[in-house]
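> How does the following fold in three dimensions:
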Amino acid sequence: MRLALYQPEIPQNAGTLLRLGACLGVEIDIIEPCGFAFTDRLFLRAGLDYLPRATYYRHDSWDAFLTARPPGARLVLLSTRASQSYVSLAFRPTDILLLGRETEGVPESIHATADERVRVPMRAGLRSLNVAVAGAMVLGEALRQTVAFPTDLGH
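Now for the predicted structure:
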């Protein structure tokens, strides 16, 4: 299981997701360009001291990410435009959960490339959740389904 961040714009969200990946043992793919520098204080603050423990890969472009994509890995796009709820998808251990930009999601060409598209159900009239919150919710369900949560409860 992996998380992929498509051209993240908000350093706090990227830092939070890298921290999540470190804590849950999930690798993160960051697809450039980012809307911030990896030395941004907000990015570093959100990741705290977890960033050195996170496993992440930076890709110069979408094409570079696709080239590095593990064979057989299914792209599962989180999108407000998806019709399927994330809880109804049968996740696989090799899935890559793709998160779009905070302001625009992903371009139509990338939306069409996804193998699956899921959304977090919400009350009518509300637009979307924070990308880090949505990513954490879907990742939690995917790890639950694939029995891939870390076994050490930290006690």
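
> mind showing which ranges of this protein have poor pLDDT?
Scanning the chain for pLDDT under 70 picks out 153-155.

> just so I have it, where are all the strands in it?
Using DSSP state E, the strands of the chain run over 2-6, 27-31, 56-59, 75-78, 84-85, 96-99, 116-119.

> Turn those strands into JSON lines, columns for distance to residue 150 and mean neighbour count.
Where C-beta positions appear, they are placed from N, C-alpha and C, glycine not excepted. JSON lines is the format used below for the strands of the chain (distance: least, CB to CB, whole Å; neighbours: other CB atoms under 10 Å):
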{"stretch": "strand 2-6", "distance to residue 150": "15", "mean neighbour count": "24"}
{"stretch": "strand 27-31", "distance to residue 150": "14", "mean neighbour count": "21"}
{"stretch": "strand 56-59", "distance to residue 150": "17", "mean neighbour count": "16"}
{"stretch": "strand 75-78", "distance to residue 150": "21", "mean neighbour count": "24"}
{"stretch": "strand 84-85", "distance to residue 150": "26", "mean neighbour count": "12"}
{"stretch": "strand 96-99", "distance to residue 150": "17", "mean neighbour count": "25"}
{"stretch": "strand 116-119", "distance to residue 150": "23", "mean neighbour count": "20"}
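
> want to throw those strands into JSON lines with distance to residue 65?
Output for the strands of the chain, formatted as JSON lines (distance: least, CB to CB, whole Å):
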{"stretch": "strand 2-6", "distance to residue 65": "7"}
{"stretch": "strand 27-31", "distance to residue 65": "5"}
{"stretch": "strand 56-59", "distance to residue 65": "4"}
{"stretch": "strand 75-78", "distance to residue 65": "10"}
{"stretch": "strand 84-85", "distance to residue 65": "23"}
{"stretch": "strand 96-99", "distance to residue 65": "9"}
{"stretch": "strand 116-119", "distance to residue 65": "17"}
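
> Ok, which of the ones you listed comes nearest residue 131?
strand 96-99 (5.3 Å; CB to CB).

> Remind me what that closest one packs against, helices and strands.
strand 2-6, strand 75-78, helix 131-145 (3 or more CB pairs under 8 Å, 6 or more residues apart in numbering; DSSP states H and E).

> Tabulate these (CSV), appending distance to residue 15.
Formatted as CSV, the helices and strands packed on strand 96-99 follow (distance: least, CB to CB, whole Å):
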stretch, distance to residue 15
strand 2-6, 11
strand 75-78, 18
helix 131-145, 9
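
> Done for today, thanks.
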